[in-house]
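Novice: here's a sequence, model it:
(one chain, ligands or ions: 1)
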Amino acid sequence: MNITIEGLSKIYPNGNRAINNISLEIQDGMFGLLGPNGAGKSTLMRILVTLMKPSSGKVTIDGLDLVKNRKEIRKILGYLPQDFRFFSKLTTHEFLDYAARLAGMKDSKTRASAVDRMLEEVGLFEARDRQANRLSGGMKRRLGIAQALINNPRLIIVDEPTTGLDPEERIRFRNLLSTISTKDVIIILSTHIVGDISSTCKSMALLNRGELAYSGSPDELVEQAGDKVWLIKATEAEYLEINEKYPVISTVPTQEGWEIQVVADSINGYSGNHIDANLEHAYVYFMENQLNQWTAI
Ligand SMILES: Nc1ncnc2c1ncn2[C@@H]1O[C@H](COP(=O)(O)OP(=O)(O)OP(=O)(O)O)[C@@H](O)[C@H]1O
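Specialist: This next block holds a predicted model:
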């Protein structure tokens, strides 16, 4: 499985340039698409799932042209949109059966066993007779992924799936995605939550204001911030100054004052030492130093 994106742009009718000349290669496995709000992630997702046409550029999925071969591409596609909703009154099981029918599974026996298998896989079998729109947030998200996966798609696109989930459900959801990501399947995970990507994706892209700011592995991005993360031991007086000067990752009070994690090329004049960088640090460093656009995660 392989996706090639060449010179892709999207300008909305009101003139908003949501995506600007993006070129990208995506191979088998889990691919993370990271970026702040408004970066263009959802726009790119909507184009990839054939809901919207690009203004210019070309996308090829396993040799199929995204615009010309829409029907064929839809057959191999599973999509969990950001604002996924359920019809009222359907039970979990009925909903998934409906989704399976929409996905083209005509034979009722095959469908029934596929639905049960999928409910087991996402941990919702016990909840099969509960009304879908009364499930907890995490369970709804799992039912959302179940409907995206019911027809064994080879391209799975999930948009901001962990927003609003508690940490336990978030981990559960990520693990679920990892188990699906086998050979010959691409899962594209769009998120503004750095932890979603660091724990699951081997390759990633960073979008910012419609532009491709980085593509590669999360490890390579972390390497770029290798010696840029500092733990400063600050006095009360220095605390505010440091907050003004540097992007601060965390602040912990100590008996002497504060321990403050910052990302910066140097910490002239302050007392501190390097600490290991992680993807969150790298993201902040990249947004601040390469793009001058650090605000907040
Ligand atoms: N239908 C639309 N018409 C006009 N502009 C739009 C439309 N949808 C999105 N935009 C604009 O395009 C840009 C990219 O939006 P998009 O929703 O793709 O970003 P995002 O990275 O998914 O952000 P978020 O995480 O907030 O959804 C933003 O400036 C947004 O305001």
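Novice: start and end of stretch 36-51, how far apart?
Specialist: Length of stretch 36-51, first residue to last, CA to CA, to the nearest Å: 22 Å.
Novice: contact partners of the helix or strand containing residue 144?
Specialist: Per DSSP states H and E: residue 144 is located in helix 137-149. The contact list for helix 137-149 (CB atoms under 8 Å, 6 or more residues apart in numbering) reads 78-80, 84, 86, 92, 95-96, 99, 118-119, 121-124, 127, 132-133, 135, 156-158, 161-162, 164-166, 168-169, 172-173, 176-177, 180. All C-beta spots, glycine's among them, are computed from the backbone N, C-alpha and C.
Novice: and stretch 42-60, by the same measure?
Specialist: So stretch 42-60 is contacted by 3-11, 18-19, 21-22, 33, 65-67, 70, 73-74, 77, 79, 81-82, 155, 157, 159-160, 188, 190, 207, 210 (CB under 8 Å, 6+ apart).
Novice: just the residues you listed that are near the ligand?
Specialist: Applying CB under 6 Å from any ligand atom to the contacts of stretch 42-60, one finds that residue 18 fall near the ligand.
Novice: narrow the contacts of stretch 42-60 to those in helices?
Specialist: 70, 73-74 (DSSP state H).
Novice: all strands for the stretch 51-200 of the chain, in order.
Specialist: 56-61, 64-65, 77-80, 155-159, 186-191 (DSSP state E, counting those that start in this stretch).
Novice: ok, the second one: who's next to it in the sheet?
Specialist: For strand 64-65, the paired strands and their directions (DSSP bridges) read strand 56-61 (antiparallel).
Novice: what residues sit buried inside the strand it pairs with?
Specialist: Of all the residues in strand 56-61, those buried under the rule 16 or more other CB atoms under 10 Å are 57, 59-61.
Novice: kindly report the same for stretch 173-189.
Specialist: Neighbour-count burial for stretch 173-189 flags 173-174, 176-177, 180-181, 185-189 (criterion: 16+ other CB under 10 Å).
Novice: stretch 47-57 too?
Specialist: The neighbour-count criterion (16+ other CB under 10 Å) identifies 47-50, 52, 54, 57 as the buried residues of stretch 47-57.
Novice: export those to TSV and tack on distance to residue 244?
Specialist: Shown next, in TSV, are the buried residues of stretch 47-57 (distance: CB to CB, whole Å):
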residue	distance to residue 244
47	40
48	41
49	43
50	47
52	41
54	41
57	41
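Novice: can you tell me which two in the residues you listed are farthest apart?
Specialist: Distance extremes for those: the farthest pair is 49 and 57 at 16.0 Å, using CB to CB.
Novice: now the spatially most central residue of the chain: how far from residue 36?
Specialist: Ranked by distance to the mean C-alpha position of the chain (CA atoms, centre = their mean), the top residue is residue 190 at 2.5 Å. As judged by CB to CB, to the nearest Å, residue 190 and residue 36 stand 12 Å apart.
Novice: ok, back up a step: among the ones in helices among the contacts of stretch 42-60, the buried ones, what's the ChimeraX command?
Specialist: Buried subset of the ones in helices among the contacts of stretch 42-60, written as a ChimeraX selection, criterion 16+ other CB under 10 Å:
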select :73
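Novice: including distance to residue 109 and pLDDT, could the ones in helices among the contacts of stretch 42-60 go into TSV?
Specialist: Converted to TSV, those look like this (distance: CB to CB, whole Å; pLDDT from 0 to 100):
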residue	distance to residue 109	pLDDT
70	30	93
73	28	93
74	25	90
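Novice: so residue 289 belongs to a helix, correct?
Specialist: Yes. Counting by DSSP: H, G, I helix; E, B strand; the rest coil, residue 289 is located in a helix.
Novice: test my guess that it contacts residue 265.
Specialist: Yes. Counting by CB atoms under 8 Å, residue 265 is a contact partner of residue 289 at 7.2 Å.
Novice: touching both of those two, which residues are there?
Specialist: By CB under 8 Å, 6+ apart, the residues touching both residue 289 and residue 265 are residue 228.
Novice: what about those two, which has more around it?
Specialist: The neighbour count for residue 289 versus residue 265, taken as other CB atoms under 10 Å, is higher for residue 289 (17 against 11).
Novice: where does the more buried one sit relative to the ligand, distance-wise?
Specialist: Distance of residue 289 to the ligand, given as CB to the nearest ligand atom, to the nearest Å: 21 Å.
Novice: so what's that residue scoring on pLDDT?
Specialist: Listed pLDDT for residue 289 reads 70.
Novice: ok, now which ones touch it?
Specialist: Contacts of residue 289 by CB under 8 Å, 6+ apart are 228, 263, 265.
Novice: a helix runs through the last one, doesn't it?
Specialist: Translated: residue 265. No. When classified by three-state DSSP, residue 265 is found to be coil rather than part of a helix.
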